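Chemist: how would this look folded up:
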Amino acid sequence: MSESASPSTGAQAADPLAPLRTSGVALLTSFRRDGTGVGTPVGISVGDGVAHFTTRAKTWKVKRMARDPRVTLAPCTKTGKVLGATVEGTARRLSDDEARMLRGGFAYRFWTLVYRLVYRDVPVSYEVTPR
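Modeler: Okay, here's the model as predicted:
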């Protein structure tokens, strides 16, 4: 039995973001001051050993991650129903230049305009590195 468990554990250790690669949406859990987790579905992209997502700057999750960068990600539906294993990680806010390089020039400018006109806010991008 231990032989059958070791290959899956080894594969997960080799690629900790494997559970997220099949989903374009993940349940991002950020933590309040008292340690309570708050989950929010976010669109993600996974590549080069990190996951990226973008959100509005005035959301509570941005404030929670500024105080405590510890997060978890789990593949989910758009409504937040978890579909797979959870990945623990550390979130880092990307600078505007890093976000522009990540998205590309025109796409970044377009979505920045959409966020400003529709939401009256600005987009912020994050990079999550698995622990």
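Chemist: which of the helices and strands in the chain ranks last by mean pLDDT?
Modeler: Within the chain, confidence by mean pLDDT, DSSP states H and E is lowest for helix 2-14 among all helices and strands, at a mean of 51.
Chemist: what packs against the following helix or strand past that helix?
Modeler: In the C-terminal direction, the helix or strand that comes right after helix 2-14 (DSSP states H and E) is strand 25-31. Strand 25-31 sits against strand 37-47, strand 50-56, helix 60-67, strand 70-75, with contacts defined as 3 or more C-beta pairs under 8 Å, 6 or more residues apart in numbering; DSSP states H and E. To be clear about C-beta, it is placed using only N, CA and C from the backbone, and glycine gets the same treatment.
Chemist: sheet-wise, list the partners of the shortest one with their directions.
Modeler: Here strand 70-75 has these sheet partners by DSSP bridges: strand 25-31 (antiparallel), strand 87-93 (antiparallel).
Chemist: show me the one of these that comes nearest L17.
Modeler: Closest approach to L17 among the strands paired with strand 70-75 (C-beta to C-beta): strand 87-93, 6.1 Å.
Chemist: picking that back up, want to throw the helices and strands packed on strand 25-31 into a markdown table with mean pLDDT and mean neighbour count?
Modeler: Shown next, in a markdown table, are these (pLDDT from 0 to 100; neighbours: other C-beta atoms under 10 Å):
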| stretch | mean pLDDT | mean neighbour count |
| --- | --- | --- |
| strand 37-47 | 94 | 16 |
| strand 50-56 | 93 | 19 |
| helix 60-67 | 97 | 16 |
| strand 70-75 | 98 | 21 |
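Chemist: can you add distance to L83 and give those back as CSV?
Modeler: CSV is the format used below for the helices and strands packed on strand 25-31 (distance: least, C-beta to C-beta, whole Å):
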stretch, distance to L83
strand 37-47, 11
strand 50-56, 15
helix 60-67, 20
strand 70-75, 5
